[in-house]
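Asks: just need the structure, nothing else, for what follows:
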Amino acid sequence: MAVEREKIYECEVKRRRVKVGGGYEPFWKVKTVAEALVDADTEMRCKDCFGEVKILGRNGKTATVAYVEHKSSADSEYCANGMLFKKATDGREARPSAKPVE
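Replies: Residues are numbered from 1 along each chain as shown. Below you'll find the predicted structure:
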């Protein structure tokens, strides 16, 4: 029996831009996971709850698409994009991660 996996195909990646007064400032940009891997982005988070994610499915096999899933099951339980949130039947509300990636 196959285990059902949470598959999220978009995430936020940390980028930096030039500040008006000089120097750089960080900001988060939404990208597909495939784009983030091509661009060699290393800092990623969930675009909905801002929680920590891990990258999966990037082994290069034919017809596979890279995706991320929440590292924390607590994030998945309360993220609008989380598999555990979607399966819940108790009427819970989506909320940000208790430990967001800054």
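
Asks: when you work out contacts or count neighbours from here on, use the C-alpha atoms and nothing else.
Replies: OK.

Asks: all strands for the protein, in order.
Replies: 10-18, 24-32, 44-45, 53-56, 67-70 (DSSP state E).

Asks: identify the residues contacting the nearest residue to Phe85 once chain neighbours are set aside.
Replies: Take Phe85 and drop its neighbours on the chain: the residue closest to it by Cα to Cα, 6 or more residues apart in numbering is Glu77, 4.5 Å away. For Glu77, the contact set (Cα atoms under 8 Å, 6 or more residues apart in numbering) comprises 83-85, 88.

Asks: any idea which of the strands of the chain is most buried?
Replies: Of all those, strand 44-45 has the most neighbours on average by mean count of other Cα atoms under 10 Å, namely a mean of 25.

Asks: so what does that one touch, helix or strand wise?
Replies: Judged by 3 or more Cα pairs under 8 Å, 6 or more residues apart in numbering; DSSP states H and E, the packing partners of strand 44-45 are strand 10-18.

Asks: ok, the closest residue to Met44 other than its chain neighbours to Gly22 distance?
Replies: Leaving out its chain neighbours, the residue that sits closest to Met44 by Cα to Cα, 6+ apart is Val13, at 4.5 Å. Using Cα to Cα, to the nearest Å, one gets 22 Å for the distance from Val13 to Gly22.
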